[in-house]
Every structure is written in structure tokens, then in C-alpha cells.
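Undergrad: I would like the atomic coordinates for the input below:
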Amino acid sequence: REAIQLVIDQMLKEMGRIDILVNSAGVTKRVPSFEMKDEDWNRILDVNLKGTWNACQMVGRVMKDQEYGRIINIASIASFVSAHEVTPYAASKGGVLQITRCLAAEWARYNITVNSIAPGVFETDLNRDLINRPARKASIFSHTPMKRFGQVEEIKGAAIFLASDSASFVTGACIPVDGGFLAQGIGE
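TA: Sure, this is the predicted structure:
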């Protein structure tokens with residue numbers, strides 16, 4: 001909370017207000033669930049879920065006072081479907097989606113929209129080794145109609161839309177940016 005407060009104070013000093021918050025922190029660790037250590041579980045939930053909550057609550061107070069705000073939380077396709085051997089990650093991202101929905105309903109009266117983006121599989125430093133294992137990559141591609149990983153730049157459009165006045169009547173929504181992963185169902 002101290003680090004978040006420093007950023008809030010600096011933004012208010014420099015800009016006078018905070019109109020947009022994007023919560024995109026995320027960590028994971030692939031471990032069979034029987035072997036997951038409490039400290040790993042806690043670290044993942046602290047960063048992914050508690051960090052999102054703290055930023056929403058603290059910046060949300062500023063937005064309430066100014067009667068305007070756009071909050072965009074980065075959820076995941078794991079908010080909707082299971083992900084093998086990353087249970088705390090999936091649990092935390094499911095929680096991010098619920099934070100989004102709850103705050104959207106509660107804070108709409110303050111002209112604050114709260115939405116989320118659910119990325120599919122994007123190759124990053126965080127997951128590169130995990131998703132490029134041959135069996136895992138084949139599984140991902142078999143569930144992704146576009147048959148590729150997303151490019152980080154492909155999330156920008158959804159974020160720009162949700163942060164804009166064009167989305168002034170959109171709250172509590174989650175936009176999948178997943179190459180069709182969640183739509184796939186039973187494939188060919």
C-alpha cells in the first residue's frame with residue numbers, strides 16, 4: 001500500500017487527478033497442486049489479487065472524489081477455464097474478474113467504470129519457458145483458433161477502448177483478447 005500511495009501522491013502532484021488505472025501485475029509458478037508451497041501460493045495471491053484490490057480501492061477513492069474514473073483490470077482466460085498446474089494463478093485471476101464485477105456495480109454511481117481484459121496466451125518473460133514446451137504449446141494452439149500466441153501490442157486496442165469515453169456505458173465487462181480460445185469449445 002505504501003508504494004501505491006507514493007504513486008498516487010506523485011500523480012496528483014504532477015497531474016492534479018487520476019482518470020485511468022490499469023492493473024496488470026501478475027506472477028505465476030507451474031507446480032503440481034500437491035506440491036504447491038504456502039509461500040508460493042501467498043506470493044501469487046498477494047501480487048495478482050491483493051495488489052489489484054489495493055490499487056482499485058486506493059485509486060478508486062481518488063476517482064470517487066473527482067466523480068470520474070476508468071479502471072481496467074487484467075484478468076486472464078484462466079479466470080474462466082482451468083489451467084494445468086497453475087491453480088493459484090487461476091484462482092487469483094478468477095478473483096480479479098469478481099473484483100471487477102463487484103466494483104463495477106458498486107462504483108457506477110460515482111461515474112467510475114471498472115472493466116477487465118482477459119488475455120489469452122501471450123509470450124512474455126513470465127511464461128516463455130512454460131508455454132514453449134512442445135506438449136503445452138501444441139495444447140494451447142489446438143484450443144486457439146488463430147493457432148498462435150498473442151502479441152502484447154494486441155491488447156492495446158481493448159485498453160484504449162475501455163479507457164475512452166466510447167466505453168462510458170460499459171462497466172463490469174470482460175473483453176477476451178485470446179485468438180478465439182474461450183470461443184473454441186469442441187474443435188475440428
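Undergrad: make it CA atoms for all contacts and neighbour counts henceforth
TA: Will do.
Undergrad: for beta bridges, what are the partners of the residue most central in space within the chain?
TA: In the chain, the residue lying closest to the centroid (C-alpha atoms, centre = their mean) is Ile74, at 1.5 Å. With DSSP bridges as the criterion, Ile74 is bridged to Ile117.
Undergrad: dump the residue contacts of it.
TA: Val22, Asn23, Ser24, Ala25, Val96, Ser116, Ile117, Ala118, Pro119 (C-alpha atoms under 8 Å, 6 or more residues apart in numbering).
Undergrad: so the fourth one lies in a strand, does it not?
TA: In this case it means Ala25. No - assigned with DSSP: H, G, I helix; E, B strand; the rest coil, Ala25 falls outside any strand and is coil.
Undergrad: residues near the closest residue to it other than its chain neighbours, how many?
TA: Spatial nearest neighbour of Ala25, chain neighbours left out: Asn48 (6.0 Å); criterion: C-alpha to C-alpha, 6 or more residues apart in numbering. Per other C-alpha atoms under 10 Å, the neighbour tally for Asn48 reads 27.
Undergrad: which residues touch Ile44?
TA: Contacts were defined as C-alpha under 8 Å, 6+ apart; by that measure Ile44 touches Gly26, Val27, Thr28, Pro88, Tyr89, Ser92.
Undergrad: neighbouring contacts of the lowest-mean-pLDDT helix or strand in the chain?
TA: Among the helices and strands of the chain, helix 128-131 carries the lowest confidence by mean pLDDT, DSSP states H and E, at a mean of 88. Residues from elsewhere that reach helix 128-131 (C-alpha under 8 Å, 6+ apart): Arg30, Glu123, Arg136, Lys137, Ile140.
Undergrad: done for today, thanks.
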